[in-house]
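Participant: fold the following for me, if possible:
(one chain, ligands or ions: 2)
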Amino acid sequence: MRRLSLIGFVAALIVTTASAADWAPPSADKLPGDAWGELVRFGQHLTNQTYAIIGPEVADAEKRYAGNNLSCQNCHLDGGAKEFGLPFVGVFGDFPQYRAREGEVGTIEDRVNGCMTRSMNGRVLPLDSREMKAFVAYIKFLSTGRPVGAATPGRGAGSMPELTRAADPRAGAAAYAENCAVCHGEDGHGKRRGAKGDAAGYAFPPLWGPDSFNNGAGMNRLIAAANFIHANMPFGVSLDHPQLTTDQAWDIGAFIVSRDRPQKAGLDGDFPVRSEKPVDAGYGPYLDKAPPEQHKFGPFTPIRDALKAAK
Ligand code: HEC
Ligand code: HEC
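Facilitator: Ligands and ions are numbered 1, 2, ... in the order given. The predicted structure follows:
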């Protein structure tokens, strides 16, 4: 008996260690200087310093694909390698996939261009461009060892319990001033690394305003924003060691999605199958009769229940 429990204890220890060690995405530094290694490293560089290569202030006007001075890394933290920081790890094998937003099966290139036109408020990268190939190569590299069809724990940004009340942007404004403004600014416009026009990006990226993601971006939906904030902000925290309470994260998320940002044309064409539209999409048309405010701030369970009942 004693022996069995000792084995159980050792097994549990191995399992715990393995799951922690499981994350450790590969490092592009270790790749050789051949065509593949160079492309993967260019993808990493593009992810980390997007503004300097395809941003709106780069010297070559043809290369100005992004419409704002963010980097992919501003949201896909640690160059897409952070657990619960919207990582690219395990993403490659998940595409092609059915995309409710487009109502059709999309490729990994389509997904990159989804963030190009929404999170980056820009235009699509051509499929045969070196930049697009580099993003895909880098995402594939970070997904090394992650089998097609297997879920990757640590992807996304977690999923907190939802509130039974509406999230409160006014309470969020106060919590923002206390926890976020020191870096992102009272006005939410962030702090540039250099001067306007020098394509050097931000030390602290904007959360709203003219140089931020547009209203069609995933980060402009409360559930995505609140979970990202809870698991990753203030900068340096993790889902295991958050600093904000879940209520604070929901309220701050509500404050951020209530602010002004660039508007994307044609959003009523999103989610052509209306029953597949996420409850927290910040723009109509909606299938249900819940007011637009409730789609922005919740509570979402009554909307889900009404949609179920209508089926
Ligand atoms: C303002 C924040 C933001 C920026 C900047 C951003 N993204 Fe995203 N991205 C998101 C969000 C939010 C999602 C949705 C994550 C989810 O579905 O869990 C996402 C999803 C993705 C996915 C799919 C991930 C998955 O788990 O299925 C890819 C690939 C991606 N982005 C690539 C990029 C690239 C490449 C760039 C830079 C050109 C970029 N993103 C810039 C916020 C951002
Ligand atoms: C110590 C400075 C600091 C504090 C405090 C901080 N952030 Fe951030 N935040 C950052 C940095 C730096 C990034 C970009 C990360 C990168 O590029 O590696 C970021 C990125 C973000 C992003 C995604 C990028 C974008 O432009 O939308 C959001 C959303 C965000 N922070 C929200 C918040 C919120 C909400 C708070 C308060 C709870 C907060 N942050 C507190 C430094 C900070």
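Participant: and for Pro126, the neighbour number?
Facilitator: Neighbourhood size, Pro126 [other C-beta atoms under 10 Å]: 12. Quick note: C-beta positions are derived from backbone N, CA and C, even for glycine.
Participant: OK, contacts around the residue nearest to Pro56 when sequence neighbours are not counted?
Facilitator: Computed as C-beta to C-beta, 6 or more residues apart in numbering, the closest residue to Pro56 that is not its neighbour in sequence is Arg64, at 5.1 Å. Arg64 is in contact with 54-58, 122, counting by C-beta atoms under 8 Å, 6 or more residues apart in numbering.
Participant: roughly how far does the closest residue to Ile54 other than its chain neighbours sit from Phe255?
Facilitator: Closest residue to Ile54 apart from its sequence neighbours, by C-beta to C-beta, 6+ apart: Tyr65 at 4.3 Å. To Phe255, Tyr65 is 30 Å away according to C-beta to C-beta, to the nearest Å.
Participant: more neighbours: the two, which one.
Facilitator: A side-by-side neighbour count of Tyr65 and Phe255, using other C-beta under 10 Å, places Phe255 first with 26 against 23.
Participant: distance check, the nearest residue to Ala306 once chain neighbours are set aside against Phe300.
Facilitator: Closest residue to Ala306 apart from its sequence neighbours, by C-beta to C-beta, 6+ apart: Asp288 at 5.0 Å. Distance, Asp288 to Phe300, by C-beta to C-beta: 11 Å.
Participant: where does the prediction get shaky in the stretch 1-150 of the chain?
Facilitator: Scanning the stretch 1-150 of the chain for pLDDT under 70 picks out 1-21.
Participant: so which bits of it are right by ligand 2?
Facilitator: Applying C-beta under 6 Å from any ligand atom, we find that the stretch 1-150 of the chain lies next to ligand 2 at 70-71, 73-75, 77.
Participant: looking at those residues, which are in helices?
Facilitator: Leu77 (DSSP state H).
Participant: what's the farthest-apart pair in the residues of the stretch 1-150 of the chain next to ligand 2?
Facilitator: Of all pairs drawn from those, the greatest distance, 12.7 Å, lies between Leu70 and Leu77 (C-beta to C-beta).
Participant: please identify which of those two sits among more neighbours.
Facilitator: Per other C-beta under 10 Å, whichever of Leu70 and Leu77 has more neighbours is Leu70, with 25 against 22.
Participant: list the contacts of the more buried one.
Facilitator: Counted by C-beta under 8 Å, 6+ apart, Leu70 has contacts 50-51, 119-120, 201-202, 205-206, 211-213.
Participant: of the contacts of Arg64, which is the nearest to Val89?
Facilitator: Using C-beta to C-beta, Ile54 is the member of the contacts of Arg64 that lies nearest Val89, at 22.9 Å.
Participant: pretty sure Tyr98 belongs to a strand, no?
Facilitator: Yes - assessed with DSSP: H, G, I helix; E, B strand; the rest coil, Tyr98 lies in a strand.
Participant: do I have it right that Cys75 meets Ser119?
Facilitator: Yes - using C-beta atoms under 8 Å, Cys75 makes contact with Ser119 at a distance of 6.5 Å.
Participant: overlap of the contact sets of the two?
Facilitator: With C-beta under 8 Å, 6+ apart as the test, Cys75 and Ser119 both reach Met219.
Participant: and the residue of the stretch 151-300 of the chain nearest ligand 1?
Facilitator: Gly218 (3.1 Å; C-beta to the nearest ligand atom).
Participant: let me know the pLDDT of that residue.
Facilitator: Note for Gly218: predicted pLDDT of 98.
Participant: likewise for the one 10 residues further on?
Facilitator: Predicted confidence (pLDDT) for Phe228: 98.
Participant: residues contacting it?
Facilitator: So Phe228 contacts 75, 85-86, 157, 219 (C-beta under 8 Å, 6+ apart).
Participant: tell me which parts of the protein are close to ligand 1?
Facilitator: 50, 70, 72, 74-76, 86, 91, 94, 111-112, 115-116, 119-120, 135, 139, 155-156, 213, 217-219, 224.
Participant: Ala306: neighbouring residues, count only.
Facilitator: Ala306 has 14 neighbours, counted by other C-beta under 10 Å.
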